[in-house]
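> need a 3D model of the following:
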Amino acid sequence: FSVTCLDFSEKGEFSGEYLTTVTAGSNCIRRSPLKGAQHDMKQRAQPTFGFTVNWEMFSNSTTVFVGQCFLDEKRKETLQTAWLLREQVGSPRDDWKTAGPGAGIFTQL
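Coordinates of the predicted model:
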């Protein structure tokens, strides 16, 4: 998977695309919009952040990511995240099977 950020504001808000091949039975790359915010890196080294991905193009689900940006001695960024996926269901009775947690690490290529 990959994140392509298109725009960062001075307030730390950002938007872009999340590219994934993680879909049921498909190896093609799917693009989904993402929006998020982070703390100002000028004020806080290794800031925390959060973003939401809306899987509207191929699924009725949304994932939220929260994490922290770590910089190594060469100033290379690594984003360590926790995420929660929420899928749409037809009734409150099925609510128990709608959320799935996970973790991920993003690095610059």
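
> for the most centrally placed residue in the chain, phi and psi?
Nearest residue to the geometric centre of the chain (C-alpha atoms, centre = their mean): residue 65, 4.6 Å. Reported as degrees, to the nearest 10, the phi and psi values for residue 65 are phi -120, psi 140.

> residue contacts, it?
Residue 65 is in contact with 36, 50, 51, 52, 53, 81, 82, 83, 104, counting by C-beta atoms under 8 Å, 6 or more residues apart in numbering. Just so you know, the C-beta spots here come from the backbone N, C-alpha and C atoms, and that holds for glycine as well.

> same check, this time on residue 83
Applying C-beta under 8 Å, 6+ apart to residue 83 gives the contacts 63, 64, 65, 66, 101, 102, 103, 104.

> what's the answer for residue 81, then?
Going by C-beta under 8 Å, 6+ apart, residue 81 touches 65, 66, 67, 103, 104, 105, 106.

> export those residues to JSON lines and append columns for distance to residue 16, pLDDT and secondary structure.
Formatted as JSON lines, those follow (distance: C-beta to C-beta, whole Å; pLDDT from 0 to 100; DSSP: H, G, I helix; E, B strand; the rest coil):
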{"residue": "65", "distance to residue 16": "12", "pLDDT": "95", "secondary structure": "strand"}
{"residue": "66", "distance to residue 16": "17", "pLDDT": "97", "secondary structure": "strand"}
{"residue": "67", "distance to residue 16": "15", "pLDDT": "95", "secondary structure": "strand"}
{"residue": "103", "distance to residue 16": "21", "pLDDT": "93", "secondary structure": "strand"}
{"residue": "104", "distance to residue 16": "16", "pLDDT": "89", "secondary structure": "strand"}
{"residue": "105", "distance to residue 16": "18", "pLDDT": "88", "secondary structure": "strand"}
{"residue": "106", "distance to residue 16": "12", "pLDDT": "85", "secondary structure": "strand"}
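
> buried members of the residues you listed into ChimeraX, please.
To isolate the buried ones among these in ChimeraX, judged by 16 or more other C-beta atoms under 10 Å, type:
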select :65,67,106
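
> buried set for stretch 91-102?
Buried-residue list, stretch 91-102, by 16+ other C-beta under 10 Å: empty.
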